[in-house]
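S.K.: fold the following.
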Amino acid sequence: QVQLVESGGGLVQAGGSMRLSCAASGRAFSSSTLGWFRQAPAKDREFVAAINWSGERTYHADTVKGRFTISRDNAKNTVYLQMNSLTREDSAVYYCAAAESDHLLLSYHSYAYWGQGTQVTVSS
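M.R.: Got it, this is the predicted structure:
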């Protein structure tokens, strides 16, 4: 099992940057694919980025490609989401998720473990 706790959310101005962290516990962390998802009010949960267990492979949604970067530090049991050039459309609750797989998974149905979410609000 994997337990996940996100941090780093808050209020930021458009054009600014923010880094989200997700601290994990559980022996399966280092062998898990990790993902970031987000959900804005009245919208479906949306895939943002995924990273495989070693960190060698990543995938980012087109909506964030070139602006967001997912990374992980297995020694610290932590996954990060660096967000640059933020816009109001990036405002959402951001969730960290883990799946016991080495595939880059894009569907939230594929992830068994979830954090509680952290709010990101981008003001104009």
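
S.K.: roughly how far does the residue nearest the centre of the chain sit from Leu105?
M.R.: Central residue of the chain (Cα atoms, centre = their mean): Trp36, 2.3 Å from the mean position. Distance, Trp36 to Leu105, by Cβ to Cβ, to the nearest Å: 12 Å. Heads up, the C-betas are built off the backbone N, CA and C, glycines and all.

S.K.: ok, now Thr78?
M.R.: Using Cβ to Cβ, Thr78 is found at 19 Å from Leu105.

S.K.: same question for Ala24.
M.R.: 16 Å.

S.K.: same deal with Gly15?
M.R.: Using Cβ to Cβ, Gly15 is found at 31 Å from Leu105.

S.K.: the two: which is more packed in?
M.R.: Set Gly15 next to Leu105 and count neighbours by other Cβ atoms under 10 Å: Leu105 wins out with 19 against 11.

S.K.: that one against Ala99, yeah?
M.R.: Yes - if you go by Cβ atoms under 8 Å, Leu105 and Ala99 touch, sitting 5.4 Å apart.

S.K.: joint contacts of these two?
M.R.: Common neighbours of Leu105 and Ala99, using Cβ atoms under 8 Å, 6 or more residues apart in numbering, are Thr33, Gly35, Tyr111.

S.K.: go through those residues and say which is closest to Arg67.
M.R.: Gly35 (17.0 Å; Cβ to Cβ).

S.K.: which residue is the nearest non-sequential neighbour of the residue lying farthest from the centre of the chain?
M.R.: In the chain, Ser124 marks the outermost C-alpha relative to the chain mean, sitting 22.9 Å out by Cα atoms, centre = their mean. Of all residues not flanking Ser124 in the chain, Ala14 sits nearest, at 5.1 Å (Cβ to Cβ, 6 or more residues apart in numbering).
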